[in-house]
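Trainee: Fold the following, please.
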Amino acid sequence: MTTTTGQNVKNLTTPDDYFRDVVIPNKEAFFGGPATFATAINLATSLFHLHEWLHDGCRPKLEKHFGQTFRTPGDFWNAVQKTNTEFGYIRDVTNASKHVKIGKFPTSTTMSHIANTHLIHTGYGQGGFGTAKYGGGPDIVFDDAGSQISFDDCAAELFAYWERLMMQITGFVYVSAPATGTIQTGNSSGGNPSN
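Mentor: Below is the predicted model:
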């Protein structure tokens, strides 16, 4: 690409770039406002596809960290999903949002269709004390053979997993400052925060 004087060009080239410029904004959009299908699917998609970015950019470090070989991004994802089976819901909703129906290849859950993902509005006071949210939805849930699985919980757990792994593999550190609405990122080795 040819640039001219005064242009500021930014690219997505590394897993750190993808995490900082795609995953984090999708996380902030979803958890920073009322749940919608758009923000949930965008977050799920970015969370799921981070495994491909990591495999492409950090495969030797990942193999050393996990103590196994990852010939494909799918091999790496399978190792990640073994650490928490709920990560499979993120994989399945990502694939279902693209293909509508899933099941041509093995799924991670019993979900078979994007229609297994629901946006539920709960009135205040409808959740029992200590047993469920107190209400005021909306909430995204997955229907897995009649069980309601919280999208929020699955997404938050996978984000936290990636956050820890990114720090260990690439040195990337994420700090949210919700009071100011800013996102601070950087490299734990003191590198330039915009890298």
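
Trainee: mind listing the helices for the chain?
Mentor: Along the chain, counting by DSSP state H, helices occupy 15-18, 24-31, 37-66, 73-83, 87-99, 151-169.

Trainee: Let me have those helices in a markdown table, adding mean neighbour count as columns.
Mentor: Placement of C-beta: from N, CA and C, glycine included. Formatted as a markdown table, the helices of the chain follow (neighbours: other C-beta atoms under 10 Å):
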| stretch | mean neighbour count |
| --- | --- |
| helix 15-18 | 21 |
| helix 24-31 | 19 |
| helix 37-66 | 19 |
| helix 73-83 | 16 |
| helix 87-99 | 21 |
| helix 151-169 | 18 |
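
Trainee: out of the ones you listed, nearest to Thr107?
Mentor: helix 87-99 (5.3 Å; C-beta to C-beta).

Trainee: how many degrees apart are that closest one and helix 37-66 in direction?
Mentor: In terms of direction (axes from the mean of the first three to the mean of the last three C-alpha atoms, to 10 degrees), helix 87-99 departs from helix 37-66 by 130 degrees.

Trainee: Need the nearest residue in space to the residue positioned nearest the centre of the chain, chain neighbours excluded.
Mentor: Taking C-alpha atoms, centre = their mean as the criterion, Leu47 is the residue nearest the geometric centre of the chain, at 2.3 Å. Counting by C-beta to C-beta, 6 or more residues apart in numbering, Leu158 is the residue found nearest to Leu47 once chain neighbours are left out, at 5.0 Å.

Trainee: likewise Tyr18?
Mentor: Leaving aside its chain neighbours, Tyr18 sits nearest to Trp53 (4.5 Å; criterion: C-beta to C-beta, 6+ apart).

Trainee: unless I'm mixing things up, that neighbour is touching Arg20, no?
Mentor: No. Contact status for Trp53 versus Arg20: not in contact, 11.3 Å apart, counting by C-beta atoms under 8 Å.

Trainee: what is in contact with these two at once?
Mentor: With contacts taken as C-beta atoms under 8 Å, 6 or more residues apart in numbering, Trp53 and Arg20 have no neighbour in common.

Trainee: I'd like to know how far Ser150 sits from Ile90.
Mentor: Going from Ser150 to Ile90 by C-beta to C-beta, to the nearest Å gives 12 Å.

Trainee: Return every residue with contacts to both of these two.
Mentor: Going by C-beta under 8 Å, 6+ apart, no residue sits against Ser150 while also sitting against Ile90.

Trainee: before we move on, back to that, possible to save the helices of the chain as a markdown table with distance to Asn116?
Mentor: Converted to a markdown table, the helices of the chain look like this (distance: least, C-beta to C-beta, whole Å):
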| stretch | distance to Asn116 |
| --- | --- |
| helix 15-18 | 27 |
| helix 24-31 | 19 |
| helix 37-66 | 13 |
| helix 73-83 | 18 |
| helix 87-99 | 7 |
| helix 151-169 | 11 |
